[in-house]
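J.: Pasting a predicted model and its sequence here:
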Amino acid sequence: MFCLIYLEGTSVWNISFIYSDKNTFTMALKSINPVNGQLLKEYNEYSSEIITRRIAAAQVCYEKWRETPFSYRAKLLQRCAEQLVNSRHEYARLISMEMGKPINESVAEIEKCAWVCQYYAENGASFLEKQLVETDGTHSYIHYEPLGVILAIMPWNFPFWQVFRFAVPAIMAGNTVLLKHASNVSGCALAIEEVFQYTDAPAGLFTALLVASDNIAEVIEHSDVKAITLTGSEKAGAAVAAQAGKLIKKTVMELGGSDPFVVLEDADLKKAAETAVKARFINNGQSCIAAKRFIIHKTIVKEFIRLVENEVNKLVVGDPLDDKTNLGPMARVDLAETVLSQIQKSIDNGAHLLLGGITGDQGDAFVKPTILLNVKRGMPVYDEEVFGPVLPIIEAENEEDCIRIANDTVYGLGASVWSNDIDRAQKIASRIEAGCVFINGMVKSDPRLPFGGIKLSGYGRELSEVGIREFVNIKSIWIK
C-alpha cells in the first residue's frame, strides 16, 4: 500500500490506494467521524469486474421485476417501511457518525424514508394507471412502462432520504436501481442495500456500488444503464449531464440552491424568526433547500434581527449523538474551511459580523452559527451557495425590491414568503423563480408534492405522481 497526498489551498486530502488482485489500483473509500476526525471504517472501491457483474444482475432483475404486479411491489415497499421504523435508531446513529447530523434529525430522516415507502405503496399503482384519451381511433390511451436500470448519484447530506425519495418511486414503477453514494457515507450506502435485503427483495433490485466519483463514467456508459439521476453541485451535474447527453440518456438533476426567505412588513415576525433559524441551521446548514438569503423589508429589519439573534443564541452546538444537540459539525473539515472563507471574504467586502464566524471550540469541522448583516451583491454569502451555518440578512426597500433580490441568483430551487396577506403572498410567489414556494412556512420536501428546481438548480422532478413518471416510457396506444 502507498499513499498520495494532494494539497489544494488549505485543504489536505489523504487518498490511499490498495493494490488489487487484478494488477490495478483501487481507492479506499474512508468514512471519517467529523466530530473528532477518527476513521470509522475503510471500504475498498469495487473493481471493474465487480461493477460489471452488479450491473448485469440489475438488468436480469429488471427483466423479471417489470412483470411483477403493483400489489407485489407495494408489499415489498411496506416491508421496507417496517424495517426502517424498527431499526431507525441504528440507522440514525450511522448517519450521525458518518456526516455529523444531530441524532434527532437523523431519526426524523429515517422516519421520512419510511413515509415515502408507505406513500408509494398506497398510491404508486394509481399514478401509473393507463389514461384513456378520446381521439379519432376506436380506443386510445397513455401507458406507462419502466425504462430499466437507473443509476443514482447521491450526496452525503441526507444520506438515506435523498436515496429513498428517488429509489422508491423508480422501483414502484418497475425499474431497478444502482446507487453511487458519496464516498464519506459508504456505510449508509451499504445499510440502504441491506434494508432491501431484509425485505427479501430479488437480487439486483437495489444495488450499492462502492466507486469513486472519478470512476463513475464507466457505469454511466454501460449499455444496460438507461437513465441517471444526480443530487449534488451544479459542477457535478453539468459533468454527468454532458456525458449522459452524448449517449442520449435521460437525466434528472437536483442541484444547488440559494433559497430566498422573504419577510414582508405585515408578517408574523416572531414565527418568521423562529422558522428562519430552523430553516437555515437544519442539518448543520447543509441542505440544498435550506433558506440561505434572508430578505427583510426595511421597516421591520431591526426587530427581525433582534428576534433571530435570540433564537440563534438558544442553539446547542456539540456532539451530534447527544439528544440536546441541534447543531453539530460540518461533514468534513474542508467543507468548514470553505464556509469560513466565504464568511471572511464577505466581511472583507463590507458585511458586518453579528455572531459566529469562526471555527467552533469542539473541533476543526465545527463552524459556529453565524449571522451577517449589511449583506449585498458581490459578497460570497449573497452570490454563492453557502453550505453551512451562516444566516445573511439583506435589507429590502419595498415589495418590488424583495422580489428583485429573491430572483437575483443563478439558482431556483425553493423560496419562502412571509406575510399575513395571503393573496399578496401568492402574487409574490408567482413571480419568484423557483421550483417551489412556501408561504408562511419552511421549505421542505414532501412525498405528495413535486420536488426540483430551475436555472442552475437543475431540471426534472422527484416525488408525487410527477416524480414517479420521470423514469418511465410514456407510451401512446391507438387502436382502430
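T.: Looks like it came in fine. Numbers count the residues shown, from 1 in each chain.
J.: Looking at stretch 454-465 now, give me its mean pLDDT.
T.: Regarding stretch 454-465, the rounded mean pLDDT is 98.
J.: same question but for stretch 329-345, I mixed them up
T.: 97.
J.: so how far is that stretch from its chain's centroid?
T.: Centre-to-centre, stretch 329-345 and its host chain are 19 Å apart (C-alpha atoms, centre = their mean, to the nearest Å).
J.: Stretch 179-195 now?
T.: On C-alpha atoms, centre = their mean, the centre of stretch 179-195 falls 14 Å from that of its chain.
J.: What residues sit buried inside that stretch?
T.: Judged by neighbour count (16 or more other C-beta atoms under 10 Å), stretch 179-195 contains these buried residues: 179-193, 195. Every C-beta, even on glycine, is put in place using the N, C-alpha and C of the backbone.
J.: What of stretch 202-221?
T.: 202, 204-211, 215-216, 219-220.
J.: Assign a three-state SS to G137, would you?
T.: Assigned by DSSP: H, G, I helix; E, B strand; the rest coil, the conformation of G137 is coil.
J.: count of residues packed around it?
T.: 12 (other C-beta atoms under 10 Å).
J.: Which pair in the buried residues of stretch 202-221 has the greatest spatial separation?
T.: The span of those, defined through C-beta to C-beta, is set by P202 and N215 at 26.7 Å.
J.: Just the element for the most centrally placed residue in the chain, please.
T.: By C-alpha atoms, centre = their mean, the chain has its centre lying nearest to Q162, at 5.1 Å. Per DSSP states H and E, Q162 falls inside helix 161-172.
J.: what's next to that helix, contact-wise?
T.: 65, 70, 73-74, 76-77, 80, 109, 112-113, 116-117, 120-121, 124-125, 128, 150, 152, 154-155, 177, 179, 181, 189, 192, 205-206, 229, 231, 445, 447, 451, 462-463, 467-468, 471 (C-beta atoms under 8 Å, 6 or more residues apart in numbering).
J.: Tell me the strands beside the following helix or strand past it, with direction?
T.: Helices and strands here follow DSSP H and E; after helix 161-172, the next one along the chain is strand 176-180. Using DSSP bridges, strand 176-180 pairs in its sheet with strand 149-153 (parallel), strand 206-208 (parallel).
J.: average pLDDT for the first one?
T.: The pLDDT scores in strand 149-153 average 98.
J.: Same question for the last one.
T.: On average, the pLDDT along strand 206-208 is 98.
J.: again, but for stretch 411-429
T.: The pLDDT scores in stretch 411-429 average 98.
J.: can you give me the end-to-end distance of it?
T.: End-to-end distance for stretch 411-429, by C-alpha to C-alpha, to the nearest Å: 16 Å.
J.: got the buried residues for that stretch?
T.: Under 16+ other C-beta under 10 Å, the buried positions of stretch 411-429 are 411-419, 425, 428-429.
J.: The longest helix belonging to the chain to helix 161-172, inter-axis angle?
T.: Secondary structure assigned by DSSP state H gives helix 103-127 as the longest helix of the chain. Angle, helix 103-127 to helix 161-172, by axes from the mean of the first three to the mean of the last three C-alpha atoms, to 10 degrees: 20 degrees.
J.: Pull out the buried residues from helix 103-127.
T.: Per 16+ other C-beta under 10 Å, helix 103-127 contains these buried residues: 103-110, 112-121, 123-124, 127.
J.: okay, now the domains of this structure?
T.: 2-255+458-479, 259-448 (automatic domain parsing).
J.: quick one, strands of the stretch 201-350 of the chain?
T.: Per DSSP state E, counting those that start in this stretch, the stretch 201-350 of the chain carries strands over the ranges 206-208, 225-231, 250-254, 259-263, 291-297.
J.: can you tell which of those strands is closest to G285?
T.: Nearest of these (C-beta to C-beta): strand 291-297, 8.6 Å.
J.: Show me what that closest one is packed against.
T.: Helices and strands touching strand 291-297, by 3 or more C-beta pairs under 8 Å, 6 or more residues apart in numbering; DSSP states H and E, are strand 259-263, helix 269-281, helix 301-312, strand 390-396, helix 399-407.
J.: partners of it, with directions?
T.: According to DSSP bridges, strand 291-297 has these partners: strand 259-263 (parallel), strand 390-396 (parallel).
J.: how far does stretch 121-134 stretch from start to finish?
T.: 30 Å.
J.: What's the mean pLDDT across that stretch?
T.: The model assigns stretch 121-134 a mean pLDDT of 98.
J.: Next: stretch 33-49.
T.: Mean pLDDT, taken over the full extent of stretch 33-49, equals 96.
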